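In: I'll drop the sequence and a predicted model, then ask my questions.
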Amino acid sequence: MTLARISRCSILPLLLLLSFSVPNAQPLAKYWVYFTDKGPSIPASGTLMKSNPRYAEALAVIQPRAFERRAKVHPSNALVDACDLPVYPPYLEQIKAVGGELQQQSRWLNAATFMLTGSQRAAVESLPCVLKTEPLPIVRRRENETGEPAQHPSSLAKSSALDYGPSLQQDTTIDVPPLHAIGITGHGVLVGMLDSGFRWRSHESLQGRHVVAEYDFIQHDSVTANESCTPSTYRCDASNQDQHGTLTMSTLGGFMPGQLIGPAFDVDFILGKTEYVPVDDSSWEEDNWVAGIEWMEANGVDVISSSLGYNTFFDKPDYTWANGDFNGRTTVTAKAALRAAELGVLVCNAMGNEGNGDGTIGTMLTPADADSIVSVGAVNYSGLLTSFSSTGPTNDARTKPEVVAPGSSVYCALAGGLSSYWSVSGTSLSTPLTAGAAALVLSARPELTPMAMRDALRSTARPVDQSRHPGVPNNFTGWGLVDAFNAALVFGPIFGNQPAATVANSSSVVSIACASKFGIVPGSVQIHYAVPPDTSLTAISMNLDTVMFFPTSGRYSVTLPAQTPGALVNFYVDAQDSGGHSYQSPAAVTGKVWQLNYGVTGIKTNPLIPAAFTLLQNYPNPFNPGTTIQYTLPLAQHVSLKVFNVLGQEVSVLIDEQQSPGLKTARFDAGNLPSGVYFYVLRTSSFAAAKKMILIR
């Protein structure tokens with residue numbers, strides 16, 4: 001919807017303010033209160049040493065899944081910093097003592113929002129722990145989307161792989177069906193939706209989706225669908241409160257064959273209700289968005305889809321391009337989006353429906369102006385930029401949007417009925433289509449960083465609307481129209497999300513789809529298997545039995561040698577292509593293997609306990625400025641992993657701690673080190689190894 005609006009957590013004071021005046025009472029408003037530090041002698045941001053007494057508190061905030069994702073972009077010894085610490089509780093209590101009503105907290109900004117009167121604000125600003133206060137603007141509600149009954153041609157209703165129904169056109173336009181045909185459906189990816197609410201339990205296309213967590217940042221509970229008025233708190237949801245979120249969630253991941261199949265229908269969802277739809281056409285909500293994205297990041301989200309944006313307010317000053325506010329560093333939402341990206345999250349945000357600019361003055365909403373995210377514009381099915389789609393550049397001359405996707409007559413679920421559907425237009429719909437495409441890329445390549453995914457989406461996007469907007473990239477259609485299939489193929493071979501295990505003549509048959517635009521090397525697709533307690537792996541070539549998309553790509557199968565019926569078999573598969581790339585499934589970064597019971601259908605996964613210590617070659621190599629180092633531990637030991645230059649001088653300590661068995665991953669960021677040869681050395685109490693890597697600036 002890309003609305004400019006904000007929410008309230010304590011609605012009674014706002015109702016009093018907007019509905020009638022109280023004699024001798026000061027009006028309440030919402031303020032950001034920024035604090036000087038995270039407590040005595042603890043900075044608000046920057047390094048947080050393990051020796052710090054509050055280090056364990058920061059660790060407790062971040063879930064294991066988030067640490068795994070952060071490890072893709074940060075050194076293993078720097079996965080937590082002072083920004084992860086909660087706001088210092090005694091500071092919050094000081095504001096409450098003045099009379100402030102706490103609304104939201106932000107660890108990243110070291111701030112909280114409070115309802116305050118003017119005199120209370122003055123008292124708060126005099127507190128030694130307070131750095132500054134800023135009013136939270138009241139946002140004007142902006143209903144810019146349009147909807148109409150679905151009128152998609154019946155000829156688009158079917159596909160050979162899945163029955164997409166009327167949604168085939170939007171999926172085909174961004175090249176999603178080939179990935180579904182291979183078996184890449186979004187499995188293993190956690191997608192966050194920041195929106196107005198989600199009636200997912202009562203719509204046929206969403207009931208079967210896997211929601212791992214949901215939270216209402218307006219009413220502070222775990223219900224993201226519409227709620228009735230609560231007399232004790234005077235909080236009410238408008239009848240259309242959860243409409244917009246239901247539209248966007250179903251566009252990304254709905255699944256009802258014959259009606260609607262979203263690009264990434266097999267992802268896990270985490271839902272945040274942050275956008276308030278008030279009756280009076282105004283609200284506060286930017287702090288809800290910040291709180292929502294922080295919560296999602298801490299819970300391990302991989303991709304975020306946000307069809308929200310802000311610029312026009314009842315009070316002044318507005319965020320405006322003319323004032324230089326769209327530089328990705330001014331608004332709290334842009335700051336939060338950038339922080340999430342820096343922690344390994346791919347953030348997709350709608351550009352807005354403010355109309356086309358002239359290519360030199362931007363019309364986008366914030367946080368679409370943030371750097372390192374994917375901002376999404378809208379085109380129609382003819383590849384023309386829609387008249388409503390906001391355009392760039394940012395104030396600091398960065399090109400926006402990154403990409404475009406269908407945003408005209410997009411088929412999606414309509415809240416209010418089990419089987420109600422609608423066609424809707426707006427960048428609110430092009431954004432979840434793009435986020436769904438990104439989730440497919442990550443599902444195929446779970447080791448990718450957000451920058452790698454963004455680069456893949458941009459480099460493979462198809463230029464569109466060239467007659468009106470020549471040159472690529474440009475500030476109207478960015479790098480072009482999203483192409484999910486080709487984005488997934490950028491890095492070499494890809495496998496379906498899960499192999500199949502069937503039984504023929506009492507023998508186990510394993511099959512999996514594998515594709516590469518570079519051409520799979522004949523004979524290189526192999527299955528590596530072991531039958532416990534034996535840990536040594538045997539490799540067997542798999543045979544191409546169904547060609548798909550490219551001459552040597554398709555479904556590969558193999559019949560495993562005879563084993564005891566029911567015996568557990570651990571295995572993985574790998575392949576090489578003529579471009580010099582290799583890959584395996586499950587991806588090495590997961591540290592898992594596939595498992596089957598011989599002579600029984602079905603597949604499962606399980607962590608692999610390695611048979612021996614190994615130190616693997618870093619990737620990428622050469623690198624600039626970051627690279628990933630992996631190693632295996634067959635048993636728990638104290639691990640030291642250090643980097644040295646050619647003079648033997650230590651330049652970085654990546655690991656120095658006790659670790660459990662398994663495949664381990666470390667990240668090395670060269671920072672300002674000069675180009676050259678470096679060595680990384682792994683030492684445990686019973687193993688030592690070193691390898692060379694090359695930094696090229």
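Out: Received the coordinates, thanks. What you are looking at is a predicted structure, and each value in this text was computed from that prediction instead of being measured.

In: From residue 35, how far out is the residue positioned nearest the centre of the chain?
Out: The chain has residue 303 as the residue nearest its centroid, 1.2 Å off, counting by CA atoms, centre = their mean. Going from residue 303 to residue 35 by CB to CB, to the nearest Å gives 31 Å. C-betas here are computed from N, CA, C, even on glycine.

In: Could I get the contacting residues of the residue nearest to the centre of the chain?
Out: Going by CB atoms under 8 Å, 6 or more residues apart in numbering, residue 303 touches 189-192, 345-348, 435, 438-439, 442.

In: do that again at 10 Å, thanks
Out: Listed by CB atoms under 10 Å, 6 or more residues apart in numbering, the contact partners of residue 303 are 186, 189-193, 252, 264, 267, 296, 345-348, 374, 434-443, 450, 453.

In: what do you get for residue 207?
Out: By CB under 10 Å, 6+ apart, residue 207 lies in contact with 200-201, 255-256, 418.

In: how about 7 Å then?
Out: Each residue near residue 207 by CB atoms under 7 Å, 6 or more residues apart in numbering is listed here: residue 201.

In: thought residue 582 was touching residue 576?
Out: Yes - the pair residue 582 / residue 576 is scored as a contact, 4.6 Å apart, by CB atoms under 7 Å.

In: Of the two, which one has the most company?
Out: Neighbour count, other CB atoms under 10 Å: between residue 582 and residue 576, residue 576 has more, with 20 against 13.

In: measure that one to residue 519 for me?
Out: Taken as CB to CB, the span from residue 576 to residue 519 is 10 Å.

In: could you dump stretch 365-376 to PDB, C-alpha only?
Out: C-alpha atoms of stretch 365-376 as PDB (Å, rounded to 0.1, in the frame of the first residue of the first chain):
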ATOM      1  CA  LEU A 365       8.900   7.000  -0.100                       C
ATOM      2  CA  THR A 366      11.300   6.100   2.800                       C
ATOM      3  CA  PRO A 367      12.800   3.600   3.600                       C
ATOM      4  CA  ALA A 368      13.000   2.900  -0.100                       C
ATOM      5  CA  ASP A 369      15.900   5.400  -0.100                       C
ATOM      6  CA  ALA A 370      18.000   3.200   2.100                       C
ATOM      7  CA  ASP A 371      21.300   1.800   0.700                       C
ATOM      8  CA  SER A 372      22.000  -1.900   0.400                       C
ATOM      9  CA  ILE A 373      18.300  -2.900   0.100                       C
ATOM     10  CA  VAL A 374      16.100  -3.800  -2.900                       C
ATOM     11  CA  SER A 375      13.600  -1.000  -3.700                       C
ATOM     12  CA  VAL A 376      10.900  -2.100  -6.000                       C
END
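
In: and after the helix or strand bottoming out on mean pLDDT in the chain, which helix or strand comes next?
Out: Ranking every helix and strand in the chain by mean pLDDT, DSSP states H and E puts helix 11-19 at the bottom, with a mean of 26. Later in the chain than helix 11-19, the nearest helix or strand by DSSP states H and E is strand 29-35.

In: which residues are in contact with that following strand?
Out: The set of residues external to strand 29-35 that reach it, using CB under 7 Å, 6+ apart, is 87-88, 91, 95, 103, 109-116, 121, 124, 129-136, 284.

In: Mind checking which of these are in helices?
Out: Among the contacts of strand 29-35, DSSP state H puts 91, 95, 121, 124 in helices.

In: Can you select the buried ones among these for me in PyMOL?
Out: Selection of buried members from those for PyMOL, criterion 16 or more other CB atoms under 10 Å:
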select buried, resi 91+95+121+124
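
In: So the nearest residue in space to residue 590 that is not next to it in sequence versus residue 592, what's the distance?
Out: Distances taken as CB to CB, 6 or more residues apart in numbering place residue 446 nearest to residue 590, at 6.4 Å, with adjacent residues excluded. To residue 592, residue 446 is 11 Å away according to CB to CB.

In: so residue 260 makes contact with residue 167?
Out: Yes - judged on CB under 7 Å, residue 260 makes contact with residue 167 at a distance of 4.6 Å.

In: Mutual contacts of those two, please.
Out: Both residue 260 and residue 167 are contacted by residue 411, under the criterion CB under 7 Å, 6+ apart.

In: What is the nearest of the ones in helices among the contacts of strand 29-35 to residue 219?
Out: Set against residue 219, the nearest of those by CB to CB is residue 95 (21.8 Å).

In: Correct me if wrong: the closest one contacts residue 124.
Out: Yes - look at residue 95 against residue 124 with CB under 7 Å: they come within range, at 5.7 Å.

In: gap between stretch 516-534 and the chain center?
Out: Relative to the centre of its chain, stretch 516-534 is centred 30 Å away, using CA atoms, centre = their mean, to the nearest Å.

In: List the buried residues in it.
Out: Buried residues in stretch 516-534, defined by neighbour count with 16+ other CB under 10 Å: 516-521, 524-527, 529-531.

In: and the two most separated of those residues?
Out: Greatest spatial distance in those: 517 and 531, 35.5 Å, computed using CB to CB.

In: ok, back up a step: return the closest of the ones in helices among the contacts of strand 29-35 with respect to residue 645.
Out: Distances from residue 645 to the ones in helices among the contacts of strand 29-35, taken by CB to CB, are shortest for residue 91, at 43.9 Å.

In: Identify the residue nearest the closest one in space, chain neighbours excluded?
Out: Nearest to residue 91 is residue 129, by CB to CB, 6+ apart, at 4.6 Å.

In: what sits against the one you found?
Out: Contacts for residue 129 (CB under 7 Å, 6+ apart) come out as 35-36, 91, 94.

In: hmm, back to that, farthest-apart pair in the ones in helices among the contacts of strand 29-35, please.
Out: Pairwise distances across these peak at 15.6 Å for 91 and 121 (criterion: CB to CB).

In: correct me, but residue 284 touches residue 136?
Out: Yes - between residue 284 and residue 136 a contact is recorded at 5.1 Å, counting by CB under 7 Å.

In: Looking at these two, which one has more neighbours?
Out: residue 284 (26 against 23).

In: Starting from residue 104, give me the distance back to that one.
Out: Between residue 284 and residue 104 the computed distance is 10 Å (CB to CB).

In: cool, residue 410 as well?
Out: 31 Å.

In: Have a look at the two and say which one is more surrounded.
Out: Using other CB under 10 Å, the more surrounded residue of residue 410 and residue 104 is residue 410, with 30 against 26.

In: can you pull the contacts of the residue nearest to residue 590?
Out: With contact set as CB under 7 Å, 6+ apart, residue 446 has these partners: 188, 587, 589-590.

In: how about TSV for the residues you listed, with secondary structure added?
Out: Shown next, in TSV, are the contacts of residue 446 (DSSP: H, G, I helix; E, B strand; the rest coil):
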residue	secondary structure
188	coil
587	coil
589	helix
590	helix
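
In: Whichever of those end up buried, select them in ChimeraX.
Out: In ChimeraX syntax, the buried subset of these is picked out as below (16+ other CB under 10 Å):
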select :188,587,589,590
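
In: Just give me the closest of the contacts of residue 446 to residue 619.
Out: Closest approach between the contacts of residue 446 and residue 619, by CB to CB: residue 589, at 10.0 Å.

In: For that closest one, report the pLDDT, please.
Out: With respect to pLDDT, residue 589 scores 86.

In: what's the answer for residue 610, then?
Out: 70.

In: From residue 591, how far out is the closest residue to it other than its chain neighbours?
Out: The shortest distance from residue 610 to any non-neighbouring residue, by CB to CB, 6+ apart, is to residue 632 (3.7 Å). From residue 632 over to residue 591 the distance is 8 Å, taken as CB to CB.
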